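Asker: My questions are about this predicted structure, shown below with the sequence.
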Amino acid sequence: MRSIRKGTGADFIHLAVSFSVLFILLPAGIRAQDLLPRVEISLPPITGTVNEVLERITLQTGYLFTYDATLIRGNREVNFRVEDLPLREALDSLLQNPLLGYRLIDRNIVIYEKNQAPPGPLLEEIDRPLLQGRVTDRKTGDPLAYATIALYGTSLGSITNQEGEFSFKIPADLTDPILVISYMGYRQRFIPVVYPLRERMTISLERETIPLQEVIIRFSDPVMLLKEAMRRIPENYLGEYATMSAFYRESVRRSDHFLVYSEAVLDVAKAPYDSDLMSDAIRIRKGRKISDVTSEDTVMVKLRSGISTSFDLDVIKHRPDFLLPDFTERYDLEFSDLMIYGERLVYVISFKQKSGIPEPLFQGQIYLDQESLALLAADFEFNPELIHKAPGLFLVSRSPSIRITPLMAAYHVEYRKLEEQYYVSQVRAEVELKVRKKRRWIGSRYTISIEMAITDVVPGQRLRIEPSERVRPNVVLSDEKFEFDPQFWGIYNTIEPEASLMESIERLEKNRQLNNINPNP
């Protein structure tokens, strides 16, 4: 069966021959090469389109082709015949364009036009071009929130925001960079970056389903599967120190009104995953906060240790009870789905707390790589039927005159592969609480959100962070004039602010200026 996907502009044609899901599973990780594989192509005389010839090459080699539909006329008729010709020469002969380049990423050959113009810097002080875009569902056009954005051949990465938007600062010494866009359940895409950069690009991803009859399930028992995945943790995750950069942001809202918004670039000394004795160390390289907290909001509650919490959500380093050896005493498990992440087949295991346990535990999904059984991601939340029983789980302190009821607490953690091992790449948390003063019938709803994305990682490098520099649980980011200025963050990649957030921050800034002009007596 063949599949051809056409588009214009940033849309790409992806040629694939799918004999079965097991046949097209790709090697682990994103391994990139400028050189094409040393294979020779032999095709009898063909009269057909360029697309048809490329499909014949895919059949013969197993390599898939990705390219911009405006770059190559796939429906152009050709008469083509080669015998024992190296793959690169065969492609040059077929496409007849000396400006084209080829990049091999796993089993994908990305065809792109070599950049003739150098990249333009964002600012004189920031020698990196800024690429901006939006990631959407190809069929519906809906934004894909928190999609992974990676720069091929590097350890640089980021994520989209809630509206599917992203910004990415690309090192100027990369002449022909390629973005790798990934989202759970969707076909991965490879996007060559063309200079000069357009104002904003749209990248659409296609959902990919897995026919169950084409998949061999190696583990029929989800309990045995998860136990084996836990046994393999030492081999699947970084076993050495790593130096990381991260972008963190946190907000507190009362209903739809932002009370506090803070963000920071972090330096992280990441401890090895296989050591329980070594812990992560974090320091703030640069940060800022803006707040609009009135006396009515002094009862405001928050997640324990905001920045620290984001790293505590690394469930491989800090195991929650559903990843402890005795998890079967508390949880029921079942297979719930099979899907694609990147080019990998993924088992989805659902879990929920056993009936009869009175205290609130977790429920959610765990995503395991089919081949290595590495945990790629986890979505989990406190049992919504019982969470109201445990307000103390989320509070730093509270007044006895205040009644606090947790309504929801949901979390997401995701891991990215570098070489042959994984590391945490993004975390999110959202907690919603109802706060009511005694002798009042009506309360307020508060929502606390945190997001953290690892934007760079250097494995094997141990960053020394002095104890006096380390983030403390009660850290408060500096309160200073707040503008969404790319120059503020320098060369660091960040999470693109949503339009609604920018409007709220502008209102916060105006309120703060008014309060400074007319302070309370």
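Answerer: That came in fine, so what should we check first? Numbers count the residues shown, from 1 in each chain.
Asker: Buried residues, stretch 489-505. List them.
Answerer: For stretch 489-505, a neighbour-count test (16 or more other CB atoms under 10 Å) marks 489, 492, 493, 494, 495, 496, 497, 501, 504, 505 as buried. C-beta: built from backbone N, CA, C; applies to glycine.
Asker: residue ranges of the strands in the stretch 201-350 of the chain, please?
Answerer: Residue ranges of the strands in the stretch 201-350 of the chain, as given by DSSP state E, counting those that start in this stretch, are 201-205, 242-254, 257-270, 281-291, 331-341, 344-353.
Asker: The first one pairs with which strands, and in what direction?
Answerer: Based on DSSP bridges, the strands next to strand 201-205 in the sheet, each with its direction, are strand 130-137 (parallel).
Asker: next helix or strand past the strand it pairs with?
Answerer: Under the assignment DSSP states H and E, the closest C-terminal helix or strand after strand 130-137 is strand 148-151.
Asker: where's the nearest residue to residue 333 once chain neighbours are set aside relative to residue 366, distance?
Answerer: Nearest residue to residue 333 in three dimensions, chain neighbours excluded: residue 222, at 4.2 Å (CB to CB, 6 or more residues apart in numbering). Remark: distance between residue 222 and residue 366 (CB to CB, to the nearest Å) = 9 Å.
Asker: higher neighbour count, those two?
Answerer: Between residue 222 and residue 366, counting by other CB atoms under 10 Å, residue 366 is the more crowded of the two (25 against 20).
Asker: pretty sure the more buried one is in a strand, no?
Answerer: Yes - assessed with DSSP: H, G, I helix; E, B strand; the rest coil, residue 366 lies in a strand.
Asker: for it, what are its contacts?
Answerer: Residue 366 makes contact with 226, 322, 348, 349, 351, 375, 377, 378, according to CB atoms under 8 Å, 6 or more residues apart in numbering.
Asker: So what pairs up with the fifth one in the strands?
Answerer: With beta bridges defined as DSSP bridges, residue 351 has these partners: residue 333, residue 364.
Asker: Any stretches of the stretch 401-521 of the chain with poor pLDDT?
Answerer: Judged by pLDDT under 70, the stretch 401-521 of the chain has its weakly predicted residues at 440-441, 473-486, 511-521.
Asker: how about the strands in it?
Answerer: Along the stretch 401-521 of the chain, counting by DSSP E, counting those that start in this stretch, strands occupy 402-418, 421-437, 444-459.
Asker: Indicate which one of these is closest to residue 40.
Answerer: Among the strands of the stretch 401-521 of the chain, strand 402-418 comes nearest to residue 40, with 31.3 Å by CB to CB.
Asker: Can you mark which positions in that closest one are buried?
Answerer: Buried residues in strand 402-418 (16+ other CB under 10 Å): 402, 404, 406, 409, 411, 412, 413, 414, 415, 416, 417, 418.
Asker: before we move on, what about stretch 432-451?
Answerer: Applying 16+ other CB under 10 Å to stretch 432-451 flags 432, 433, 435, 444, 446, 447, 448, 449, 450, 451 as buried.
Asker: What's the end-to-end length of it?
Answerer: 15 Å (CA to CA, to the nearest Å).
Asker: So which residues make contact with that stretch?
Answerer: 248-255, 259, 299-303, 306, 309-310, 391, 394, 401-409, 426-431, 495.
Asker: cool, stretch 491-498 as well?
Answerer: Counting by CB under 8 Å, 6+ apart, 126-128, 132, 156-163, 165-169, 245, 247, 249, 263, 265, 285-286, 451, 453, 455-456, 484, 505 sit against stretch 491-498.
Asker: about what we covered before: make a markdown table from the buried residues of strand 402-418 and add distance to residue 361 to it.
Answerer: Formatted as a markdown table, the buried residues of strand 402-418 follow (distance: CB to CB, whole Å):
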| residue | distance to residue 361 |
| --- | --- |
| 402 | 26 |
| 404 | 20 |
| 406 | 14 |
| 409 | 12 |
| 411 | 13 |
| 412 | 18 |
| 413 | 17 |
| 414 | 22 |
| 415 | 23 |
| 416 | 28 |
| 417 | 30 |
| 418 | 33 |
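Asker: neighbours of residue 463, just the number please.
Answerer: So residue 463, with other CB under 10 Å, has 15 neighbours.
Asker: My understanding was that it contacts residue 269; is that so?
Answerer: Yes - counting by CB atoms under 8 Å, residue 463 touches residue 269, with 4.2 Å between them.
Asker: where do the contact lists of those two overlap?
Answerer: In contact with both residue 463 and residue 269: 241, 243, 281, using CB under 8 Å, 6+ apart.
Asker: Could you give the number of residues near residue 93?
Answerer: Residues near residue 93, counting by other CB under 10 Å: 14.
Asker: Please give me every residue in contact with residue 350.
Answerer: 333, 334, 335, 336, 363, 364, 365.
Asker: Need the worst-confidence member of these.
Answerer: In terms of pLDDT, residue 336 ranks lowest among these, with 86.
Asker: Leaving out chain neighbours, which residue sits closest to that one?
Answerer: Nearest to residue 336 is residue 350, by CB to CB, 6+ apart, at 4.1 Å.
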